[in-house]
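Peer 1: The following block contains a protein sequence and its predicted model.
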Amino acid sequence: MASNGNNEHHRFLGYLSVVIFTLTFVLGLPSNLLVVATFFKKARNKGATPNVVYVINSCLANLFFILWLPVKVTETLNNWMLPPVLCPVYNFFQFGTIYASILFLTAISVGRYLSIAFPITYKLYKNAKNSCLVCAFLWTLVTLHVALVLIIEGNGGQLFVSSSLNNISTCYENFTEAQLNFLVPLRLEMSVAMFFLPLLITTFCYFSCMALVVRSCLQERRKRRVIVVALSTLLIFVVCFGPYNVSHVVGYIQHENIWWRRVALLTSNCNVFLEPMVIIFLSSPPMHSLNLCWQTVKRKLSNLKCNASACRRRQG
């Protein structure tokens, strides 16, 4: 009976995972491509501001994650069927992009705070070169952390692919006691350094922004937009990335790879499509650019329709 219950639970979790992966792919791919294209156009026409650079890098991290989703769906429906050497590569992109998104969201919040609290001083350092240097530092930080974890976890020589009790090959699921002795403290360090600390910084920046904006002379409409953007970003930050990183803390306390970590990881996937949607619907400059893009598409479709009608009349 217990075995049947576990099988039913595993099957339900598998179906839920496939639904979320599919939703992430269907919504995340076009929305992230749209934001990247819009902000690239904005950078080309008006110059690359720090916010533009950070948003592009964040969406690129989401796209790297999306490219590996078909692999995750295949593993969830069946088991790990690819060459074992691809397992650490897949996990590098999966977990690396999660923490990259966290750090770029933090960089965006810091930039917004500095532009409001110290507009004159910040303007002296507000250029694309410095923003690209910050992005390079953040990518390097994520790469070193994730690569270190993967190297240590691979000390068993199995390249992360192992068999479960049901004789099913899994990737990044089962660990030896020796691997856990290194893995659990490293996961805790990653969650503290690349989630809880960025969360504190992001919370401080956005609440400070809201306090400064409320006391300013801005129009009420613009005040509301700043507050909505700040609260929406914080909500995504906590809801999407919180459960997964809390699992690292619990795993450290219990000294194990806790079972619900896989469930918590699903919420991180939702950031892939929620973040660009917040950017699209709550940021007025991108909305203006998106409206221009949509009008251009409508004109081209209208021209194609007119040309097709003209061709049919000539043929008739």
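Peer 2: Okay, I see it.
Peer 1: would you list every one of the strands in the stretch 151-300 of the chain?
Peer 2: Ranges of strands within the stretch 151-300 of the chain are 161-163, 169-171, based on DSSP state E, counting those that start in this stretch.
Peer 1: Mean pLDDT lowest where, among the ones you listed?
Peer 2: Note on these: strand 161-163 shows the lowest mean pLDDT, a mean of 56.
Peer 1: In this structure, what helix or strand scores lowest on average pLDDT?
Peer 2: strand 161-163 (a mean of 56; mean pLDDT, DSSP states H and E).
Peer 1: Got the phi and psi for residue 126?
Peer 2: Backbone torsions of residue 126, given as degrees, to the nearest 10, read phi -90, psi 90.
Peer 1: Check residue 84 too.
Peer 2: Backbone torsions of residue 84, given as degrees, to the nearest 10, read phi -60, psi -30.
Peer 1: quick one: it and residue 91, what's the gap?
Peer 2: According to CB to CB, to the nearest Å, residue 84 stands 12 Å off from residue 91. (Each C-beta comes from the backbone N, C-alpha and C, glycine too.)
Peer 1: which one of those two has more residues nearby?
Peer 2: Ranked by neighbour count (other CB atoms under 10 Å), residue 84 and residue 91 place residue 91 first, with 18 against 14.
Peer 1: Which residues are in contact with residue 191?
Peer 2: Residues counted as contacts of residue 191 (CB atoms under 8 Å, 6 or more residues apart in numbering) are 245, 246, 248, 249.
Peer 1: What segments of this protein are helices?
Peer 2: Using DSSP state H, the helices of the chain run over 2-46, 50-67, 69-77, 86-117, 119-125, 128-153, 177-191, 197-214, 220-254, 261-282, 284-315.
Peer 1: could you give me the average pLDDT of the last one?
Peer 2: This points to helix 284-315. For helix 284-315, mean pLDDT is 60.
Peer 1: what does the shortest one give?
Peer 2: pLDDT averaged over helix 119-125 equals 85, rounded to a whole number.
Peer 1: Contacts for that helix, please.
Peer 2: Contact with helix 119-125 is made by 111, 114, 115, as judged by CB under 8 Å, 6+ apart.
Peer 1: Relative to residue 120, how far out is the second one?
Peer 2: Counting by CB to CB, the gap from residue 114 to residue 120 is 11 Å.
Peer 1: Give me the below-cutoff pLDDT ranges for the chain.
Peer 2: Residues of the chain meeting the criterion pLDDT under 70: 1-10, 78-81, 150, 152-174, 281-316.
Peer 1: How is it divided into domains?
Peer 2: 2-282, 288-316 (automatic domain parsing).
Peer 1: which of those domains sits most buried?
Peer 2: Mean neighbour counts were taken over those using mean count of other CB atoms under 10 Å, and the top value, a mean of 17, falls to domain 2-282.
Peer 1: and the spatially closest residue to residue 29 that is not a sequence neighbour, what is it in contact with?
Peer 2: Spatially, and ignoring its direct neighbours in sequence, residue 29 is nearest to residue 66 (5.4 Å; CB to CB, 6 or more residues apart in numbering). Residues in contact with residue 66 (CB under 8 Å, 6+ apart) are 24, 25, 28, 29, 32, 272.
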